[in-house]
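Chemist: sequence and predicted structure below; questions after.
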Amino acid sequence: KQEVTQIPAALSVPEGENLVLNCSFTDSAIYNLQWFRQDPGKGLTSLLLIQSSQREQTSGRLNASLDKSSGRSTLYIAASQPGDSATYLCAPNNNAGNMLTFGGGTRLMVKP
Amino acid sequence: GAGVSQSPSNKVTEKGKDVELRCDPISGHTALYWYRQRLGQGLEFLIYFQGNSAPDKSGLPSDRFSAERTGESVSTLTIQRTQQEDSAVYLCASSFQGRISGANVLTFGAGSRLTVL
């Protein structure tokens, strides 16, 4: 059974800092891995998807890397802004597409 | 519609009552997923529908939980004889195909918050 751990569980930083969110998973036989953002009272928003054959994906100030063999992914946020405050969830996908396993998330607060 | 719509957004019920939660996926999305998120915890997979195939019910926690979907349209998650442990946010997601690829990421609804007193 896939187990996903996200560290840290919570993070508070001043605006402008670069930061790294970590995700580790126990079963490296994944098809892909997604990072999501969750805002209070709202659903999840997909940020980045990395295929198992890829090493990283970039979208704006976000960069996600994947080291499949070691069961690790990181989400790098450059020049953080208060609007980045949310919970960030990592979700590897182990099968043909019908189930993601989610980590507990990292709750990020960026202070102005 | 433009997004995944869930109703009700909030539901408070008494222990032992039955509840129904509704999900209206994005038009044309063949795959539909239900997840549960308890307070302060990660998302738990409940059930997955893909077109007219038999649903994957492997995540349903007990026989009090059931879900239906007619074709590629609305889905209803039913919880019978609710317990306090059922209190959670129930999230629905849909995608164009069952395979989650670069073009077919999941789109989530805002969720239905269930509180069982």
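Modeler: Yep, that arrived. Residues are numbered from 1 along each chain as shown, chains lettered A, B, ... in the order given.

Chemist: and B:Ser112, how close does it get to chain A?
Modeler: The gap separating B:Ser112 from chain A is 11 Å, by C-beta to the nearest C-beta, to the nearest Å. For glycine as for every other residue, the C-beta is placed from the backbone atoms N, C-alpha and C.

Chemist: now the strands for chain B?
Modeler: Applying DSSP state E to chain B gives strands spanning B:5-7, B:10-13, B:19-24, B:31-37, B:43-50, B:65-69, B:75-79, B:88-95, B:107-108, B:112-116.

Chemist: list the buried residues for the first one?
Modeler: What it means is strand B:5-7. B:5-6 (16 or more other C-beta atoms under 10 Å in any protein chain shown).

Chemist: can you list contacts of that strand?
Modeler: B:21-24, B:90-92, B:109-112 (C-beta atoms under 8 Å, 6 or more residues apart in numbering or on different chains).

Chemist: that strand pairs with which strands, parallel or anti?
Modeler: Sheet pairing of strand B:5-7 (DSSP bridges) gives strand B:19-24 (antiparallel).

Chemist: now do the strand it pairs with, average pLDDT.
Modeler: In this model, strand B:19-24 has a mean pLDDT of 97.

Chemist: hey, C-alpha coordinates of it in PDB?
Modeler: These are the backbone C-alpha positions of strand B:19-24, laid out as PDB (Å, rounded to 0.1, in the frame of the first residue of the first chain):
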ATOM      1  CA  VAL B  19     -27.500  11.300   3.800                       C
ATOM      2  CA  GLU B  20     -27.100  11.800   0.100                       C
ATOM      3  CA  LEU B  21     -24.300  13.800  -1.500                       C
ATOM      4  CA  ARG B  22     -24.400  14.900  -5.100                       C
ATOM      5  CA  CYS B  23     -21.700  15.500  -7.600                       C
ATOM      6  CA  ASP B  24     -22.200  17.000 -11.000                       C
END
